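Trainee: Turn this into a model:
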Amino acid sequence: MDPDDSPGYLLWRATLRWQRQITATLAPFSLTHVQFVLLASLWWLDRDGVRPNQLTLAQHADTDVKMTSQVVRRLEDKGLLVRETDAADTRAKRLRITDQGRAMAEAAIKAVESADGAFFAAAPDQQALLASLRPLAGRRT
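Mentor: Got it, this is the predicted structure:
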């Protein structure tokens with residue numbers, strides 16, 4: 001089998017190229033990729049009226065719960081979100097995106113979407129690409 005006939009190898013190569021592009025895109029925002037994903041996820045949840053705790057945010061982003069906790073602390077240190085005690089369960093912390101976090105998320109999402117558009121423009125059929133990726137990402141088709 002040639003490397004060009006191996007979906008895993010091709011996905012690996014494409015992922016590395018895409019990650020380099022996203023890292024460069026996020027540099028002006030001083031965000032790592034995982035910080036961006038969690039901030040964007042919090043923004044999406046907030047937009048939908050959801051005030052998540054860290055577990056809900058980790059599940060939405062499909063990230064490790066302990067790692068999510070560490071990254072949430074960094075985002076809080078940057079003033080992009082606030083952790084607040086849940087009135088219904090004082091052991092839990094609800095996450096609230098700040099105005100600064102909302103503005104950063106919106107600008108970063110726009111930049112990443114633009115970078116994605118440029119990167120994935122090489123794929124001839126965008127809808128087929130999305131349809132192929134959804135089940136691999138654990139999303140509905």
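
Trainee: T68: neighbour count?
Mentor: 22 (other CB atoms under 10 Å). In this view, the C-beta of every residue, glycine as well, is placed from N, C-alpha and C.

Trainee: Excluding chain neighbours, give the residue nearest to it in space.
Mentor: Nearest non-adjacent residue to T68, counting by CB to CB, 6 or more residues apart in numbering: A58, 4.0 Å away.

Trainee: mind saving the C-alpha coords of the helix or strand hosting the one you found as CSV?
Mentor: Element membership for A58 (DSSP states H and E) is helix 54-61. Extracted as CSV, the C-alpha positions of helix 54-61 are listed here (Å, rounded to 0.1, in the frame of the first residue of the first chain):
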residue,chain,number,x,y,z
GLN,A,54,-16.7,22.6,33.4
LEU,A,55,-18.0,19.0,32.7
THR,A,56,-20.7,20.3,30.3
LEU,A,57,-18.0,22.4,28.5
ALA,A,58,-15.6,19.5,28.3
GLN,A,59,-18.4,17.3,26.9
HIS,A,60,-19.4,19.9,24.3
ALA,A,61,-15.7,20.3,23.2
